[in-house]
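Chemist: Next one to model:
(chains A, B, C and D)
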Amino acid sequence: MPLVAQQFLLLVGKDLKIEARSRQTIGLVTVLGLLIVVVLGLGLGGGAAGGFGATVVLWVAYLFSGVLCFEKTMAVERSESALAALMLTPISHGTLFLAKLTSNLALMAAVALVITPAGVLFFSFDLSAAPFTFAAVMSLGIIGFAAIGTLFAAVVSSTRLQGGLLAMMIFPVALPLVIASTQLLIHQFRDQLPVGGMGLGVLVAFDAIFLTASWLMFELVLEP
Amino acid sequence: MNDYVLAAYTIGLLLLWGYAASMWLECRAAARRHVEVRQTKGGLP
Amino acid sequence: MIAARSSSFFTETNPAPLALRAADLGKTIDERSVLQSIDLSIAAGQFVAILGINGAGKTTLLKILATLMPPSSGQLQLFGLDVPRHAAQARARLGLIGHQSMLYRDLTARENLELFARLYGVQAPRRRAEELLSIVGMIDRADDAVKTFSRGMCQRVSIARALVHQPDLVLADEPFAGLDVPGAAAVERLLSDLHAAGKTIVMVNHDVLQSLRLAERVIVLGAGTIAIDRPARVSDAPGILAELAGTDPQFQPGEMVIR
Amino acid sequence: MSGIQSKFVRSFWIVLALLFAADLVLIIRYAPDERSMGVIQKIFYLHLPVAINTFLACLTTFVASIAYLWQRKGWWDDLAAAAARVAVQLCAVVLATGMIWGRAAWGVWWTWSPRLTFSLILFLLYVVYLVIRSSVEGRERRAVIGSVYAIIAFLDVPLVWLSARLLPDIHPGSVQLEPAMKLTLAASFVPVTLLAVGLIFTRFVLNRTDSVPRNSAQANAPRDVRTMPLIAGVKAIRYTDGAL
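Modeler: Numbering: from 1, shown residues only, chains lettered A, B, ... in the order given. Got it, this is the predicted structure:
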């Protein structure tokens, strides 16, 4: 196996092992996500916006729980400045970014697997028409969101900034994701239009642009 | 002239020229700060 | 506690002409010049101690030497390799020990060492981690999480991490900070063994006498420039203390008590 | 030397004021009322030029940020900060006029129409940029983080535009402009763009003087020749007691 792939797996393994051992983030983040879904569910009443309230509420839950995940996985590197030791090893910053992105995505996926069913349930949003489209659209969104989150978490963690700043940085940039995925699902589920068109284009373009941009700029923000 | 158009232009121009005016005040403050430095230290000609 | 035969274990390093050469190194951070015109050349195998009051720029200099921070001006060459152009190769031959342990607190000592060994592409990482843990005397705590360790233990595992890829140049930023007497003695022993094995060591330290005892050459950094650079003799202590005092206006030599 | 410059600066702003006045006369007198929306459509002659200049200011921030990351020269970062600040200011005007137009045309202060949503998100993106800059200590650290964010924010702008167009649009599409309207629109671009450039330049020069430390020796040492004319610009502004 090429050295780069080996290093990548080592780093992801390290992140997941640390997370499994402390298990703090997963618990905290999942409960927060659930709380958001419950509170908004109660507030907006069951079938808000014809059940499409679910997608927006899920997005709010993803955004907040995602921010906590990104912050935690970066804090692990900062706690004993282990990042400086990592930067001295012969791994490229690109691999470091991809490993950190994958660990963040793994955490987000675990959280989403708990929150999404809850959201769909509370909002009686019947997915039966096309559950896979729903899953595909949401995962495309999460990938793009994790790309920016990983980059900005590295930025925020290298300075003594407060937590709220990371959320403030990510949310406006992630808005096109929220709009596009919500509209796409409305077109899909309510108007039975085939998936595709502008909505999907925005999601795919978002992922492509920000995966490459974050990957390129990650090393600029890395501060040992 | 419709009063909405009037409102739009007054607010718009007030804001635009307000920014310019506030910056002018900052320039004067910067000038005073710089002049003080110049007197105390004989700085830039 | 320290394995008796540790000094023979470190492989003899091939003595390159100059381990480290810095020409007119300078660093300005936020329009404030922290380091100016640093000219330094350290032969392979030399043990150099860098002294200086807080804020003299010692840690910044060490970060630049460790290729973690680019200099604003001047040139740096490690083992004849120009940094930052060949930073990757230079990094493969240097190890850094810092204030912080640079380990993952939630992982055990063994897991940390094996992780870094594999990242560096060391052959038989498991065996290498085992050896290093026995050298630094932490073999009995190998499978405990680092967060349960005292500062002294962390420091020793940190030294093991810095040596995992058998570097030729060891950079230590105040390795004795926060250590109790036995902890400091163990670290001193390790550094001396490294030096005996021919490694080049650059240590930033506060304790003048300890530095004079351990190092061959002492450099005093004053306000970003090299004030003194001479062989280390314990008899020099008063002169160096006076020099250190000189760099710090509020510091009165009279008050100093020489231990 | 600064005498001539302060005259230039003073006359710049006076001329600009005159241009604005002339443009207003043109809009009121010359531009015909639009068939469907009537006189309300005249807000367009301020709304669109300011919107375009907002975008140009964002573009300047983007280019200056890339240039900073590439050359690491302090004044690129000052330019990025200046342009972003002006972008936020102009975007506030775009939002204000847009909402008034919405109120006049459809009787409601806010609708999630593509144009208004796009302006709002753009406004938020660059307000966040200013907040980031103010909460990071250390000039170099602030410059790097600011630049990285500015680049990501600008890459996001087309996506915001595309996703906003997905929203249900009650905005009546683009109105066909009679030649007279086109002329007025072109005419009203000039003063707004000049104002934007003047704001960015002045703010840039202010940033530039703040960034050079007051008390350190550098303040008096001969500075990098390339910035001398800019600093001279500020001195010119400084000594003008009359108009800006």
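Chemist: which SS state does C:Leu76 fall under?
Modeler: At C:Leu76 the chain is in strand, as set by DSSP: H, G, I helix; E, B strand; the rest coil.
Chemist: swap in C:Ala49?
Modeler: Going by three-state DSSP: C:Ala49 is strand.
Chemist: show me what contacts it?
Modeler: C:Met203, C:Val204, C:Asn205, C:Ser211, C:Leu212, C:Leu214, C:Ala215, C:Arg217, C:Val218, C:Ile219, C:Ala232 (C-beta atoms under 8 Å, 6 or more residues apart in numbering or on different chains). Bear in mind the C-beta positions are built from the backbone N, C-alpha and C, glycine included.
Chemist: beta partners for it?
Modeler: On the basis of DSSP bridges, C:Ala49 is bridged to C:Met203, C:Val218.
Chemist: Could you measure from it over to C:Leu244?
Modeler: 12 Å (C-beta to C-beta, to the nearest Å).
Chemist: any idea how far D:Ser11 lies from chain C?
Modeler: Here the criterion is C-beta to the nearest C-beta, to the nearest Å. By it, D:Ser11 lies 35 Å from chain C.
Chemist: in what helix or strand does that residue lie?
Modeler: According to DSSP states H and E, D:Ser11 maps onto helix D:2-25.
Chemist: pretty sure C:Arg93 contacts C:Leu163?
Modeler: No. At 11.9 Å, C:Arg93 does not count as touching C:Leu163 under the criterion of C-beta atoms under 8 Å.
Chemist: before we move on, the earlier item: now, which of the contacts of C:Ala49 sits nearest chain D?
Modeler: For those, the closest approach to chain D (C-beta to the nearest C-beta) belongs to C:Val204, at 22.1 Å.
Chemist: pretty sure the closest one is touching C:Thr59, no?
Modeler: Yes. With contact defined as C-beta under 8 Å, C:Val204 counts as touching C:Thr59 (6.6 Å).
Chemist: And the two? Which one has more around it.
Modeler: Each of C:Val204 and C:Thr59 has its neighbours counted (other C-beta atoms under 10 Å in any protein chain shown); C:Val204 has more, 26 against 19.
Chemist: circling back to that earlier point, comparing C:Arg93 and C:Leu163, which shows the higher neighbour count?
Modeler: Each of C:Arg93 and C:Leu163 has its neighbours counted (other C-beta under 10 Å); C:Leu163 has more, 22 against 18.
Chemist: And that one, how close does it get to D:Ala92?
Modeler: From C:Leu163 to D:Ala92 the distance is 59 Å (C-beta to C-beta).
Chemist: gap between C:Val218 and chain A?
Modeler: Distance from C:Val218 to chain A, by C-beta to the nearest C-beta: 26 Å.
Chemist: Determine the number of other residues adjacent to that residue.
Modeler: 25.
Chemist: what about the closest residue to D:Pro32 other than its chain neighbours, helix or strand, and which?
Modeler: Distances taken as C-beta to C-beta, 6 or more residues apart in numbering or on different chains place D:Ala180 nearest to D:Pro32, at 5.6 Å, with adjacent residues excluded. According to DSSP H and E, D:Ala180 maps onto helix D:179-211.
Chemist: Likewise for D:Val157?
Modeler: helix D:139-166.
Chemist: Could I get the buried residue list for that helix?
Modeler: The neighbour-count check on helix D:139-166 (16 or more other C-beta atoms under 10 Å in any protein chain shown) flags D:139-157, D:159-166 as buried.
Chemist: hey, where'd the strands end up in chain B?
Modeler: Taking DSSP state E as the criterion, chain B contains no strands.
Chemist: Quick one: low-confidence residue ranges for it.
Modeler: Filtered on pLDDT under 70, chain B yields the residue ranges B:1, B:37-45.
Chemist: how much space between the residue nearest to D:Pro32 and chain C?
Modeler: 54 Å.
Chemist: I'd like to know how far that residue sits from chain B.
Modeler: Taken as C-beta to the nearest C-beta, the span from D:Ala180 to chain B is 17 Å.
Chemist: Same question for A:Leu105.
Modeler: Distance of A:Leu105 to chain B, computed by C-beta to the nearest C-beta: 43 Å.
Chemist: State the helix or strand in which that residue lies.
Modeler: helix A:93-122.
Chemist: right, is that helix up against chain C?
Modeler: No. Helix A:93-122 stays clear of chain C (C-beta under 8 Å from any C-beta of the partner chain), getting no nearer than 10.0 Å.
Chemist: So which helix or strand of chain D has the lowest pLDDT on average?
Modeler: helix D:228-239 (a mean of 42; mean pLDDT, DSSP states H and E).
Chemist: From what I see, D:Val88 and D:Phe123 are in contact.
Modeler: Yes. Assessed by C-beta under 8 Å, D:Val88 is found in contact with D:Phe123 at 6.6 Å.
Chemist: so where's the chain shaky on pLDDT?
Modeler: No chain specified, so I'll use chain A. Using pLDDT under 70, chain A drops low at A:46-52, A:159-163, A:193-196.
Chemist: looking at chain C here, not the other one
Modeler: C:1-17, C:246-259.
Chemist: top helix in it by residue count?
Modeler: helix C:181-196 (DSSP state H).
Chemist: any idea of the mean pLDDT in the helix holding D:Ala180?
Modeler: For helix D:179-211, mean pLDDT rounds to 89.
Chemist: Could you find the closest non-adjacent residue to residue 24?
Modeler: You didn't say which chain, so I picked chain A. In space, A:Gln24 is closest to A:Lys72, 7.6 Å off (C-beta to C-beta, 6+ apart).
Chemist: my bad, chain D
Modeler: Spatial nearest neighbour of D:Leu24, excluding adjacent residues (C-beta to C-beta, 6+ apart): B:Tyr9 at 7.1 Å.
Chemist: do you know how far the one you found is from chain C?
Modeler: Relative to chain C, and taking C-beta to the nearest C-beta, B:Tyr9 is found at 44 Å.
Chemist: Report the distance from the helix holding A:Leu105 to the chain centre.
Modeler: Mean-position distance between helix A:93-122 and its chain equals 5 Å (C-alpha atoms, centre = their mean, to the nearest Å).
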